[in-house]
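# Provide a 3D model corresponding to the input given below.
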Amino acid sequence: MEPTQLDCQIPRAKGQQFKIILENPPKWQGREFTEAVWRIKVSFRRRFQLEHPRIGKMDEHSHSMDDSVFLHVANVIYLCSYSVRDILWLRALTVLAMLLAGACYWTCSQYGALGWQGAFLAINIFQIGLLIYERRPVKLSDVEQRLHDGPLSTLTPRQVQRVNNAAEWQTIEFGEVLLEEDQPLEHLILLLSGQAKVVTQKREIALIEPGQFAGEMSFLTGGNTTASVVALDAILYARWPKNYIEDLMQRDQELGTALQAALGTDLVRKLVRNRNNLLQAADE
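Residues are numbered from 1 along each chain as shown. Next comes the predicted model:
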């Protein structure tokens, strides 16, 4: 009778294949053969773990990690964190999940993974601290409150304070020019008091009132100014260098989006008012 050969794959043994040869195999059939093979593999596996305790220990740890409640709960919390929109809540849920995953790594003696988990945890806790610091209540000055209630209503109070601190506040008198037509835009301007007229080809086409921007169309399009802006009386206004605003919007995307919304809202209001004025003039 020819010897019977059984192949036995040992987990975590770097893919090594072991062969068991039975010189005088009994006449196993069906279920008896299956049970005999299973007993041989189990026996060989136990012997392998005794001879290689480190590999056997790793295999036991892998099974305990797979069955860890901490790891499953952490993954559920990770899924929940992906569904929230607020970045502060996202980081808070991530920290909670990391703590549970860290508990799993600790119980399974996975100290390398635990070290990386600690690094990620420290970064997220630091970012949470920055977010809380940025969102703490601030007291606005009278000018900042007017800006927040009016043209900069799309910005948070802290963003309004930041933009106002960078503003250059100036005044001009009647007849002075704020912007020249067909020139590169150097400053974005916001009127706080007084009125100015928009003139193109010696024809007045619009009026700028307190709480409105000047030069916003050129800022948004990146082209030259489309008209001149001339003061109709004494004006108090704030101005920001164009390059500064562009850099600020790139560095702080949240603030940049809020500023774009403020400029877009101001431009739409001007277009609606000009359309109403044209309709009223046509009716007359």
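
# in stretch 264-275, what counts as buried?
For stretch 264-275, burial by neighbour count (16 or more other C-beta atoms under 10 Å) applies to 266, 270. Quick note: C-beta positions are derived from backbone N, CA and C, even for glycine.

# ok, and for stretch 168-182, which residues are buried?
Buried-residue list, stretch 168-182, by 16+ other C-beta under 10 Å: 172, 178-179.

# repeat for stretch 113-121
114, 117, 121.

# checking the closest residue in space to the last one that isn't next to it in sequence next. Helix, strand or coil?
Which is L121. Leaving aside its sequence neighbours, L121 sits nearest to M98 (C-beta to C-beta, 6 or more residues apart in numbering; 4.8 Å). When classified by DSSP: H, G, I helix; E, B strand; the rest coil, M98 comes out as helix.

# quick one, helices of the stretch 151-284 of the chain?
157-165, 216-221, 242-251, 253-283 (DSSP state H, counting those that start in this stretch).

# between those, which one is nearest to V69?
helix 253-283 (37.6 Å; C-beta to C-beta).

# helices and strands around the helix or strand containing H72, which ones?
Element membership for H72 (DSSP states H and E) is helix 69-83. Helix 69-83 makes packing contacts with helix 87-107 when contacts are defined by 3 or more C-beta pairs under 8 Å, 6 or more residues apart in numbering; DSSP states H and E.

# so the helix or strand following the helix it packs on versus helix 253-283, what angle?
Counting by DSSP H and E, the element after helix 87-107 in chain order, helix or strand, is helix 111-134. Here helix 111-134 points in a direction 40 degrees away from that of helix 253-283 (axes from the mean of the first three to the mean of the last three C-alpha atoms, to 10 degrees).

# what's the offset of helix 111-134 from the middle of its chain?
16 Å (C-alpha atoms, centre = their mean, to the nearest Å).

# ok, now how distant is the residue nearest to L121 from F126?
13 Å (C-beta to C-beta, to the nearest Å).

# of those two, who's got more company?
Each of M98 and F126 has its neighbours counted (other C-beta atoms under 10 Å); M98 has more, 20 against 11.

# list the contacts of the more buried one.
M98 makes contact with 74, 117, 120-121, 124 under the criterion C-beta atoms under 8 Å, 6 or more residues apart in numbering.

# let's have those residues in JSON lines, adding pLDDT and distance to V198.
Below are those laid out as JSON lines (pLDDT from 0 to 100; distance: C-beta to C-beta, whole Å):
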{"residue": "A74", "pLDDT": "88", "distance to V198": "59"}
{"residue": "Q117", "pLDDT": "89", "distance to V198": "59"}
{"residue": "F120", "pLDDT": "92", "distance to V198": "54"}
{"residue": "L121", "pLDDT": "92", "distance to V198": "55"}
{"residue": "N124", "pLDDT": "93", "distance to V198": "50"}
